[in-house]
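Undergrad: Curious how this folds, go ahead:
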Amino acid sequence: MAILLLKTGEPASFGITVELLMLTSASAVVAGLFIGTQSGDAGADHSSRVGTWCGSLVLELLAVVPFLCAIPALFHELAHSQLLHASAPGAIDVSLGASELLPMVAILPFMLYQLAGFGTLHFVVPKAANWAINLGILALIIAAYVANRQANYVLERMLVAILVGAMALTIFYGVLKLRQMQEDYDARLPAKEPK
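TA: Predicted coordinates for the structure are as follows:
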């Protein structure tokens, strides 16, 4: 729907939202590739032993985070689209007010999930870095939404680029760290040969 509205030229801020939703979809596919390569067989290499962990990291940071960033702005644009809400004669325009922020509430359980130690990032970085990364995610999502509401699309694009770039770098570090952790584990406790 957002792509069709973007094609009609209304509203202007759908561009970055569509890009974020496409990134979410593509990242979920890539995460599935990681998860699909998970193998615990004796002949498996270090990388294939951590496929599920790496897939989880990709899902959390490059699928969920962009999705959480896109949804509040998407809801706002859909709620105010002149194309979708052509006014009938004598109709009263009802403001949604603070209820427009309801889609943003989904960020709170994600933050709880991450900061309570359930997220994969918790196993890759120290606790202080985990807190810093997740609070940075929250700050960038809120700042991008505020920029969107103020129709400052250049600033919104810059904030989203910083967010996605930081997530990509974190995933790159995380995948390599998970592989290294698996190598250390295998060196200390080698896999038993099948009988």
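
Undergrad: Who are the contact partners of Met137?
TA: In this structure residue 137 is Ile, not Met. Val65, Leu163, Met167 (C-beta atoms under 8 Å, 6 or more residues apart in numbering). Glycine gets a C-beta too; all of them are placed from N, C-alpha and C.

Undergrad: okay but the last one is in contact with Leu62, surely?
TA: Yes. With contact defined as C-beta atoms under 8 Å, Met167 and Leu62 form a contacting pair (5.4 Å).

Undergrad: When the two are compared, which one has more neighbours?
TA: Set Met167 next to Leu62 and count neighbours by other C-beta atoms under 10 Å: Met167 wins out with 25 against 22.

Undergrad: tell me the pLDDT at that one?
TA: At Met167, the pLDDT value in this model is 96.

Undergrad: still on that earlier bit, which ones among the contacts of Ile137 map onto helices?
TA: When the contacts of Ile137 are checked against helices (DSSP state H), the matches are Val65, Leu163, Met167.

Undergrad: would you list the contacts of Ile137 in TSV and tack on distance to Val124?
TA: As requested, those are exported to TSV (distance: C-beta to C-beta, whole Å):
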residue	distance to Val124
Val65	15
Leu163	18
Met167	13
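
Undergrad: Tell me how far Gly36 lies from Leu61.
TA: With distances taken as C-beta to C-beta, to the nearest Å, Gly36 is found 19 Å from Leu61.

Undergrad: can you pull the buried residues of the helix or strand harbouring Pro109?
TA: For Pro109, the host element (DSSP states H and E) is helix 107-115. Applying a neighbour-count criterion of 16 or more other C-beta atoms under 10 Å, one finds Ile107, Phe110, Gln114, Leu115 buried in helix 107-115.

Undergrad: mind listing what the first one touches?
TA: In this structure, Ile107 makes contact with Leu68, Leu138, Ile141, judged by C-beta under 8 Å, 6+ apart.
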